[in-house]
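Visitor: Give me the fold of what follows.
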Amino acid sequence: MQNPLNIALLIAVAFLAFKILKPTHAAPAHDPSERELPKLRKDFTIEELKKYDGTQEDGRILVAVNGNVYDVTKGKRFYGPDGPYSVFAGCDASRGLATHSVECKTDGYDDLSDLNSMEMESLREWETLFIGKYEYVGRLLRPGEQPTNYSGDEEEEESSSAGNAAVASEGGGHKKKNK
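Guide: Numbering: from 1, shown residues only. Below you'll find the predicted structure:
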């Protein structure tokens, strides 16, 4: 490596690699061409959730994790139609996330009662990620369960948003009482 020609070639290769691998422009943090969707607060059945797979006109994408529904629209490069996790869009992703499988059970409500403790722990870790990264929308309803009336919950939600993360970390998730 003592040869000056080797050093010059090494510098040239490093410079070219840097120029080739460096992005030509930084991706914007927020695409200004996309309009902000209004906040959605409601509970969903499995059938209702299926409509929010990113293919509708508004492009909204919802994913259920451990009984809670999250708006993952801002992560559309992952959950959108061409994303690696697109199968979870408009779906209860709980079983797939818990078992590290990119599959979505769509034939009805899944109570997850057959998951083992390691799978449930994995699911709770995924749920913590969703709580921290995406907007909570509501609950995934069991068959026959009545939805929560969220009208007027804006003040309550803002005052308890810090508490939701603590409750979720204890395994309680986002639970709202019916009015």
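
Visitor: Distance check, the nearest residue to Y134 once chain neighbours are set aside against P84.
Guide: Leaving aside its sequence neighbours, Y134 sits nearest to Y70 (Cβ to Cβ, 6 or more residues apart in numbering; 4.1 Å). The C-beta positions use only the backbone N, C-alpha and C, and glycine is treated the same way. Using Cβ to Cβ, to the nearest Å, Y70 is found at 17 Å from P84.

Visitor: higher neighbour count, the two?
Guide: Of the pair Y70 and P84, Y70 is the one with more neighbours under other Cβ atoms under 10 Å, namely 24 against 11.

Visitor: which parts of the helix or strand where L129 lies are buried?
Guide: Using DSSP states H and E, L129 maps to helix 117-133. Buried residues in helix 117-133, defined by neighbour count with 16 or more other Cβ atoms under 10 Å: E119, S122, L123, R124, W126, E127, F130, I131.

Visitor: now those as JSON lines including pLDDT?
Guide: Output for those, formatted as JSON lines (pLDDT from 0 to 100):
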{"residue": "E119", "pLDDT": "95"}
{"residue": "S122", "pLDDT": "95"}
{"residue": "L123", "pLDDT": "95"}
{"residue": "R124", "pLDDT": "96"}
{"residue": "W126", "pLDDT": "95"}
{"residue": "E127", "pLDDT": "96"}
{"residue": "F130", "pLDDT": "96"}
{"residue": "I131", "pLDDT": "95"}
